[in-house]
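[1] Here is the input, now give the coordinates:
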Amino acid sequence: MTIHAATPCPLWRRLIALVYDLLIVVALVMVVGLLSQLATHGQLITTDTQTHIAWWYQPLQGLVVAAYFLASWRRGGQTVGMRPWRIRVLAADGSRVTWRQAVLRLIIAALPLLGLGLAPWLGQASALWVIGIAWAAWFGIGLFDPQRRALHDIAAGTFVAR
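    Numbers count the residues shown, from 1 in each chain. You can find the predicted model right below:
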């Protein structure tokens, strides 16, 4: 099956699947938080005059969330959120995505999160707007692409099919 032989997934289905996946991501982050609190005997986050979070905590959360997406895309081409909508990520030739494609897709899709680094200068609300606008642009490209691919799909040589 080539990219032209599969039915491209409409943007609205992809976005609803992302909402489902957001619930999974929140649950994963909560479990990581609980296990981290237990491992540090409640000292993961400390407060005196300022709040201090262990240096390894946020990278650990990122790794766990990344592992969820990478394993899902590689294993069956679907995250939990994609299953009820019967959509899957495929390579351009219709085969399972490679590790290289999955990692590249993840990195490109997550790039707008770098906008969080702007929070000290712009404020948290403005930084979140920057991220939202960037993701709108990432997915908005799919409105003009014949295969309905978002920027991360184009860069990784993947597509989402129904």
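
[2] Residue 143 - nearest residue in space that isn't next to it in sequence?
    Excluding its sequence neighbours, the residue lying closest to residue 143 (C-beta to C-beta, 6 or more residues apart in numbering) is residue 11, at 6.5 Å. No exception for glycine: its C-beta is placed from N, CA and C like everyone else's.

[3] Would you map the helices across this protein?
    Using DSSP state H, the helices of the chain run over 11-39, 57-75, 99-110, 119-122, 124-140, 151-156.

[4] If we go by neighbour counts, what in the first one is buried?
    It stands for helix 11-39. 13, 14, 16, 17, 18, 20, 21, 24, 25, 29, 32, 36 (16 or more other C-beta atoms under 10 Å).

[5] Centre of the chain to that helix, how far?
    10 Å (C-alpha atoms, centre = their mean, to the nearest Å).

[6] With the last one instead?
    In terms of C-alpha atoms, centre = their mean, the centre of helix 151-156 is set 13 Å apart from its chain centre.

[7] What helices and strands are in contact with that helix?
    Helix 151-156 sits against helix 99-110, helix 124-140, strand 158-161, with contacts defined as 3 or more C-beta pairs under 8 Å, 6 or more residues apart in numbering; DSSP states H and E.

[8] repeat that with 7 Å
    helix 99-110 (3 or more C-beta pairs under 7 Å, 6 or more residues apart in numbering; DSSP states H and E).

[9] where does this structure have low pLDDT?
    Scanning the chain with the threshold set as pLDDT under 70 gives 1-5.

[10] what about 90?
    Applying pLDDT under 90 to the chain flags residues 1-7, 42-54, 113-124, 126-127.

[11] Turn the helices of the chain into a markdown table, including distance to residue 81.
    Below are the helices of the chain laid out as a markdown table (distance: least, C-beta to C-beta, whole Å):
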| stretch | distance to residue 81 |
| --- | --- |
| helix 11-39 | 3 |
| helix 57-75 | 9 |
| helix 99-110 | 14 |
| helix 119-122 | 27 |
| helix 124-140 | 15 |
| helix 151-156 | 16 |
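
[12] My understanding was that residue 115 contacts residue 130; is that so?
    Yes: between residue 115 and residue 130 there is a contact at 4.0 Å, judged by C-beta atoms under 7 Å.

[13] Much appreciated, bye for now.
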